[in-house]
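In: attaching a predicted model along with its sequence, questions to come.
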Amino acid sequence: MTKAFYQVYLVGGAVRDALLELPVIDHDWVVTGATPKQLEERGFQQVGKQFPVFLHPKSKEEYALARKEKKQGEGYTGFICDFSPDIRLEEDLERRDLTINAIAQDKHGNLIDPFNGQQDIINRVLRHVSNAFVEDPLRVLRVARFAARFHHFGFSIAPETLSLMQKISESGELNTLSAERIWRELEKALNTSHADVFFSVLKEAHALETLFPEFIWDSLNAGASNQTDITPAQRWAILCKHTPLAKLEQLHQRIRCPNQFKILAEQTRSFIENQHIPMDAKAWENWLISVNAIKKPQPYALLVEVLSRLSNSKMEDWLTLRETIASINAASLMKQGFSGAELGKALKQARVSALDKTPSPLIR
């Protein structure tokens, strides 16, 4: 880019988070007055085929040419993009979802805010930028996710924006969203300490039954997922506690849920359906082996932290159960002459006996 008519602006989340006095992690930039060829001549590497997005040669941050979008087909991919050099910054900002995400900052630190996003930040309102909001069904999930992320700030959704979200739900376009995009937004929500708000908003937007038809939502008992000292996978397991195991397995398969979330949630629900505290030593031994407690102590610790919270019991008692059976040494039984199937039976009986002798409120 040999001429200086182009302009570069910081946009979106970085500007919003700075105004909210949050740490700014990612920087996204918009370039006006330039062509793809000019960026490539400066060493930028294009990473988007459909959208003109480039990586900076040194910082590797994303720089996008200002663009306009026109709805041409169904779903969130049904857009034709225009990224000619004469597109103004305001036109690029107008295609964004929420006013708080449609603020730009120039190289001097001046804010460009044509849709009053700063005022909505002050008023703690999530408001759509324009009526083009309804053209992208993914925005229902995005608004729900932002509502969860910024819940502790006191943000609420503008009534007119919620109305447009309901309109999207009624249009049937939510069915065009891919499993990957649905999971991506859900995972981001699970990384907040108010993931329950994500589901509450989807319920209000009439989108929950379409996007997560198998999921049983209990808003009254969702608060247990709000702790800040649990992992996103643990939060998902707690939120899924009312969903029958068969339905949960269907849901996980449909949204292609990663194993670390899937296994923990299904083990939690399986315990709720099939076990009842207190249990006898034999039942505990069977369950401990079924969840591979001995060989996988870290996943076991995550699981029992969830179960202890849901059952109002002490996590230490659950960890003691594992330590008890893990201390049984097969080698000593082998020295006694046990082998093969007999060794397995003897090992199992030794574990049951050890658990039976362990003083624990979990064991009857």
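Out: Ah, there it is.

In: from here on, just use CA atoms for contacts and neighbour counts.
Out: Fine.

In: ok, Pro137 to Leu211 distance?
Out: Distance, Pro137 to Leu211, by C-alpha to C-alpha, to the nearest Å: 11 Å.

In: of these two, which one has the most company?
Out: More crowded of Pro137 and Leu211, by other C-alpha atoms under 10 Å: Pro137, with 24 against 19.

In: got phi/psi on that one?
Out: Dihedral pair for Pro137: phi -70, psi -20, per degrees, to the nearest 10.

In: wait, what's in contact with the closest residue to it other than its chain neighbours?
Out: Closest residue to Pro137 apart from its sequence neighbours, by C-alpha to C-alpha, 6 or more residues apart in numbering: Leu174 at 5.5 Å. Shown in contact with Leu174 (C-alpha atoms under 8 Å, 6 or more residues apart in numbering): Gly75, Pro137, Leu138, Ile168, Ala207, Thr210, Leu211.

In: take those and keep only those in strands.
Out: With DSSP state E as the criterion, strands contain none of the contacts of Leu174.

In: any stretches of the stretch 201-350 of the chain with poor pLDDT?
Out: Judged against pLDDT under 70, the stretch 201-350 of the chain has no low-scoring part.

In: tell me which stretches of it form helices.
Out: 208-211, 232-239, 245-254, 259-274, 281-290, 297-311, 315-326, 330-335, 340-356 (DSSP state H, counting those that start in this stretch).

In: okay if I get the ones you listed as TSV plus distance to Pro57?
Out: Converted to TSV, the helices of the stretch 201-350 of the chain look like this (distance: least, C-alpha to C-alpha, whole Å):
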stretch	distance to Pro57
helix 208-211	39
helix 232-239	34
helix 245-254	39
helix 259-274	35
helix 281-290	51
helix 297-311	40
helix 315-326	50
helix 330-335	58
helix 340-356	60
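
In: now, of those helices, which is deepest in the fold?
Out: Of all the helices of the stretch 201-350 of the chain, helix 232-239 has the most neighbours on average by mean count of other C-alpha atoms under 10 Å, namely a mean of 24.

In: of the contacts of Leu174, closest to Ser59?
Out: Nearest to Ser59 among the contacts of Leu174 is Leu138, at 29.1 Å by C-alpha to C-alpha.

In: and that closest one, how close does it get to Ile80?
Out: 16 Å.

In: helix, strand or coil: sort out Glu69 for me.
Out: Secondary structure, DSSP: H, G, I helix; E, B strand; the rest coil: Glu69 is strand.

In: how close does it sit to Ile168?
Out: 18 Å.

In: no further queries at this time; thank you.
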